[in-house]
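K.L.:
What would the 3D arrangement of this be:
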Amino acid sequence: MALQKTLFKPGVNREGTDYSNEGGWFDINLVRFRKGLPEKFGGWAKNNLNTFLGTCRALHSWVSLGGTKFLGLGTTFKYYIEEGSSFNDITPIRLTTSAGDVTFAKVGTGDATITVADTAHGAVKNDFVTFSGAASLGGNITATVLNQEYQIATIVNANSYTIEAKDTSGDPVLAAAGDSGNGGSSTVGVYQINVGLDVYVPGTGWGLNGWGEGAFGSVTALSPNNQLRLWTHDNFGENLIMNVRGGGIYQWTENNGVGTRAVDMSGIAGANLVPTVGLQVITSEIDRHLIVLGSDPINDAGSARTGTVDPMLIAFSDQENNLDFEPKITNTAGSLRLSSGSSIIGAVKSRQEILVWTDTAVYSMQFVGPPFTFSVNLINEGTGLVGPKAATTSTSAVYWMGYNNFYAYNGSVQTLPCSVHNYVFNDINLTQSFKINAFTIADKNEVGWFYCSASSNEVDRYVIYNYAEQTWVYGQLSRTAWLDAGIENYPRAVSSGYLYQQEIGFDDDGSPMTNVFIESSDFDIGDGEQFTFIRRIIPDFKFIQDTSENGSVNIVVKTRNFPGDSLTTNSTSAIQSSTQQAYVRGRARQMVLRFESDDDAANNGNLGIGWRLGATRIDIRTDGRR
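P.N.:
A predicted model of the protein is given here:
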């Protein structure tokens, strides 16, 4: 018998068959390549135990001049700023009523449902409203119960809606027989901006809203409150500029503190023709202009904004003044309109330029100074962006996902050769492409994309490209937004209402990370002319971390005789750092090796296990024909 060293080619290749990719890797999850060798992904842990409301799809961090670290989080329901470990709600206010405009009525005794009357309230289901000045209804529904923030449960009509009465701990409060009042004549309602949806709507009409909302066959125009809620944000100095895609432009002023809310920029003192709606906000770093992509244009009289998004219009402020958007001969404010495509999808900042994508093309926007301020050059057509968050800037280039390819830009556009292209694009839900979010892990030389698989309406997969080693991997993980390390020591990401630190340890928030594996393509001897017999394996693992000092990794041997056969598992061997060899037994024309974490093995205590695979040696020989 002879030992055969097995060192598979780095990267996963799904473009052929598992037999045609002999000598390579064919399947993978939560494993990456570094220096050509597979190793387990870094783990994650909750940044803190506080939660936020809604699905977060946007993160932005910055540091004030005083050294305070801030993190902005835009969700389907609200906008928060994390300072320390607290999530501070700075969601802008849409409407504050006059005293007495709001009244209450119980639906029934023993029921927590309260009907709220407010003429032309403008609210949608799940909106947030805070009441003050209300008096008790006379029984269990006291002033304390009413005078707090509520999330609207249902919309009755344009003049009324319902809430569910609760105490200050959030527990339901049921109306009593004595709750016959209306809350008095001093109630004030403070409404936050309308919430958005957690699903992308590609059109209008049937299915746009919830069951029973609108007449049969009715058509509802898309707006920020009946579309997937996406925030964009950037700094103008210490202040934060925010935008709801298709909706308003807001500013949070750092000097006022996290106890204050963001406000509509068009209503700030000194604001001059500030766009009232837009698709994205971004600042031009060197020249200090605020740029609104998809801005509403100025009317023909030059006196106001129209209030309607022009999806191909780019408006920019005067230099050093984010409140002045009126084009004058004495300033650098202005606008320009793109021509290729039907709508601006997104933009990112790169070195001395801003890349702007429409649905069909990519442009370079550069500061050139007066009188034109900015020039826009068409870089490439046919390379549009699949979603507003699907582009990212790395140390090597700008990378993005199109509708059927991955691209890179470093002075010119290149289509990335992708060894998992069909695996990704044949199993992706493009109706939810606006949920795709690109990310970077700079210290690993990686860029990647979280996306929805074909059977899912929410992010559940990722694909990663290592631009230094030109390898691809993929796997299953749900992260709706990601921010690379920089201000913080570790990347941050969000999932299910929690903020996580990523690439920290090798565990799943204090529990063993499961379903971690890498599997080879089929290999044989003499092109399968001879049966192959495998007797033992000499492993070559490096345990990067082994907190229990008895952690293990499984080596699984699978076999089959023909490519059309299903794989049969012949043996599973637990390998520890002290394991010299593992005796196995398998006989077939084709074999597959699978290396998987044994993190969930209860008898090994495999918490905190990280590993890297080297060159495995196999005791293998031919075993005759049949």
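
K.L.:
you'd agree Val557 is up against Ala582?
P.N.:
No - with contact defined as Cβ atoms under 8 Å, Val557 does not reach Ala582; the gap is 9.5 Å. Every C-beta, even on glycine, is put in place using the N, C-alpha and C of the backbone.

K.L.:
so where do the helices sit in the chain?
P.N.:
143-146, 421-425 (DSSP state H).

K.L.:
Could you dump those helices into a markdown table with mean pLDDT, mean neighbour count and distance to Leu323 added?
P.N.:
Formatted as a markdown table, the helices of the chain follow (pLDDT from 0 to 100; neighbours: other Cβ atoms under 10 Å; distance: least, Cβ to Cβ, whole Å):
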| stretch | mean pLDDT | mean neighbour count | distance to Leu323 |
| --- | --- | --- | --- |
| helix 143-146 | 98 | 18 | 38 |
| helix 421-425 | 98 | 17 | 43 |
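
K.L.:
could you dump those helices to JSON lines with distance to Glu469?
P.N.:
Output for the helices of the chain, formatted as JSON lines (distance: least, Cβ to Cβ, whole Å):
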{"stretch": "helix 143-146", "distance to Glu469": "60"}
{"stretch": "helix 421-425", "distance to Glu469": "18"}
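
K.L.:
coming back round to it: neighbour count winner among Val557 and Ala582?
P.N.:
Neighbours per residue (other Cβ atoms under 10 Å) separate Val557 from Ala582, with Val557 holding more: 22 against 17.

K.L.:
Minimum distance to Phe87: which of the helices of the chain has it?
P.N.:
helix 143-146 (23.9 Å; Cβ to Cβ).

K.L.:
Overlap of the contact sets of Val557 and Ala582?
P.N.:
Ile537 (Cβ atoms under 8 Å, 6 or more residues apart in numbering).

K.L.:
could you point out where the stretch 401-550 of the chain is predicted with low confidence?
P.N.:
Applying pLDDT under 70 to the stretch 401-550 of the chain flags the ranges 526, 528.

K.L.:
ranges for the strands of it?
P.N.:
Along the stretch 401-550 of the chain, counting by DSSP state E, counting those that start in this stretch, strands occupy 406-409, 413-415, 437-441, 446-451, 461-466, 471-476, 481-483, 492-495, 498-502, 507-508, 511-512, 517-520, 532-538, 541-546.

K.L.:
And the stretch 51-200 of the chain, by the same measure?
P.N.:
Under the criterion DSSP E, counting those that start in this stretch, strands of the stretch 51-200 of the chain are mapped to 56-63, 69-75, 79-83, 86-89, 93-96, 103-106, 113-117, 128-132, 149-151, 154-157, 160-164, 188-192.

K.L.:
now swap in the stretch 201-350 of the chain and tell me
P.N.:
According to DSSP E, counting those that start in this stretch, the strands that the stretch 201-350 of the chain contains are 231-236, 239-244, 249-252, 263-264, 280-284, 289-293, 313-316, 334-337, 344-350.

K.L.:
List the pairing partners of the fourth one within its sheet, with orientation.
P.N.:
Taking DSSP bridges as the criterion, strand 263-264 pairs within the sheet with strand 249-252 (antiparallel).

K.L.:
what's the answer for the last one, then?
P.N.:
Here strand 344-350 has these sheet partners by DSSP bridges: strand 353-358 (antiparallel).

K.L.:
what's the angle from the partner strand to strand 289-293?
P.N.:
Going by axes from the mean of the first three to the mean of the last three Cα atoms, to 10 degrees, strand 353-358 is angled at 10 degrees with respect to strand 289-293.

K.L.:
residues making contact with strand 353-358?
P.N.:
Contacts of strand 353-358 (Cβ under 8 Å, 6+ apart): 282, 284, 291, 293, 312, 314, 338, 340-348, 362-366, 376, 379, 384-385, 391, 398, 400, 409.

K.L.:
cool, stretch 522-529 as well?
P.N.:
Here stretch 522-529 makes contact (Cβ under 8 Å, 6+ apart) with 6, 18-19, 22-23, 532, 560, 563, 589-592, 620, 622, 625.

K.L.:
So among the residues you listed, which ones count as buried?
P.N.:
Among the contacts of stretch 522-529, the ones that count as buried by 16 or more other Cβ atoms under 10 Å are 6, 18-19, 22, 532, 560, 589-592, 620.

K.L.:
how near is the residue nearest to Tyr467 when sequence neighbours are not counted to Leu95?
P.N.:
Distance criterion Cβ to Cβ, 6 or more residues apart in numbering; nearest residue to Tyr467, sequence neighbours excluded, is Ser396 at 5.1 Å. Distance, Ser396 to Leu95, by Cβ to Cβ, to the nearest Å: 47 Å.

K.L.:
Looking at the two, which one has more neighbours?
P.N.:
Between Ser396 and Leu95, Leu95 has the larger neighbour count (other Cβ under 10 Å), namely 16 against 13.

K.L.:
ok, what's across the strand from that one?
P.N.:
Leu95 has the following beta-bridge partners by DSSP bridges: Tyr191.

K.L.:
Contact partners for it?
P.N.:
With contact set as Cβ under 8 Å, 6+ apart, Leu95 has these partners: 121-122, 189-191.

K.L.:
Would you list the buried entries among those residues?
P.N.:
Among the contacts of Leu95, the ones that count as buried by 16+ other Cβ under 10 Å are 121, 189-191.

K.L.:
Please identify which pair of these lies farthest apart.
P.N.:
That would be His121 and Val190, which, of the buried ones among the contacts of Leu95, are the farthest apart (Cβ to Cβ) at 11.9 Å.

K.L.:
looking at the helices of the chain, which is closest to Arg261?
P.N.:
Closest among those, using Cβ to Cβ: helix 143-146, at 21.5 Å.

K.L.:
Output the closest one as CSV, nothing but the C-alphas.
P.N.:
In CSV, the C-alpha atoms belonging to helix 143-146 read as follows (Å, rounded to 0.1, in the frame of the first residue of the first chain):
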residue,chain,number,x,y,z
ALA,A,143,-53.6,58.1,31.8
THR,A,144,-50.4,56.2,32.4
VAL,A,145,-51.6,53.5,30.0
LEU,A,146,-52.5,56.0,27.3
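
K.L.:
contacting residues around it?
P.N.:
104, 131, 134-137, 165-168, 173, 183, 187.

K.L.:
if I read this right, Asp546 contacts Ser578, doesn't it?
P.N.:
No - Asp546 is beyond contact range of Ser578, at 10.7 Å (criterion: Cβ under 8 Å).

K.L.:
Neighbour count: the two, which is higher?
P.N.:
When Asp546 and Ser578 are compared for neighbours, Asp546 comes out ahead with 17 against 7, by other Cβ under 10 Å.

K.L.:
Which residue comes closest to the more buried one once chain neighbours are left out?
P.N.:
Ile609 (5.8 Å).

K.L.:
what's the neighbour count on that neighbour?
P.N.:
Using other Cβ under 10 Å, the number of residues around Ile609 comes to 29.

K.L.:
same deal with Met365?
P.N.:
Every residue meeting other Cβ under 10 Å relative to Met365 is counted, giving 22.

K.L.:
got it, and Gly294?
P.N.:
When neighbours are counted by other Cβ under 10 Å, Gly294 registers 23.

K.L.:
contacting residues for it?
P.N.:
Applying Cβ under 8 Å, 6+ apart to Gly294 gives the contacts 246, 277-280, 309-314, 343-344.

K.L.:
Kindly report the same for His289.
P.N.:
Applying Cβ under 8 Å, 6+ apart, the residues contacting His289 are 283, 316-319, 332, 367, 373-374.

K.L.:
Export the strands of the stretch 51-200 of the chain to JSON lines and append columns for distance to Asp179 and mean pLDDT.
P.N.:
Formatted as JSON lines, the strands of the stretch 51-200 of the chain follow (distance: least, Cβ to Cβ, whole Å; pLDDT from 0 to 100):
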{"stretch": "strand 56-63", "distance to Asp179": "37", "mean pLDDT": "97"}
{"stretch": "strand 69-75", "distance to Asp179": "33", "mean pLDDT": "97"}
{"stretch": "strand 79-83", "distance to Asp179": "34", "mean pLDDT": "97"}
{"stretch": "strand 86-89", "distance to Asp179": "29", "mean pLDDT": "97"}
{"stretch": "strand 93-96", "distance to Asp179": "26", "mean pLDDT": "98"}
{"stretch": "strand 103-106", "distance to Asp179": "5", "mean pLDDT": "98"}
{"stretch": "strand 113-117", "distance to Asp179": "9", "mean pLDDT": "98"}
{"stretch": "strand 128-132", "distance to Asp179": "15", "mean pLDDT": "98"}
{"stretch": "strand 149-151", "distance to Asp179": "16", "mean pLDDT": "98"}
{"stretch": "strand 154-157", "distance to Asp179": "19", "mean pLDDT": "98"}
{"stretch": "strand 160-164", "distance to Asp179": "14", "mean pLDDT": "98"}
{"stretch": "strand 188-192", "distance to Asp179": "19", "mean pLDDT": "98"}
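
K.L.:
That concludes my questions; thank you for your assistance.
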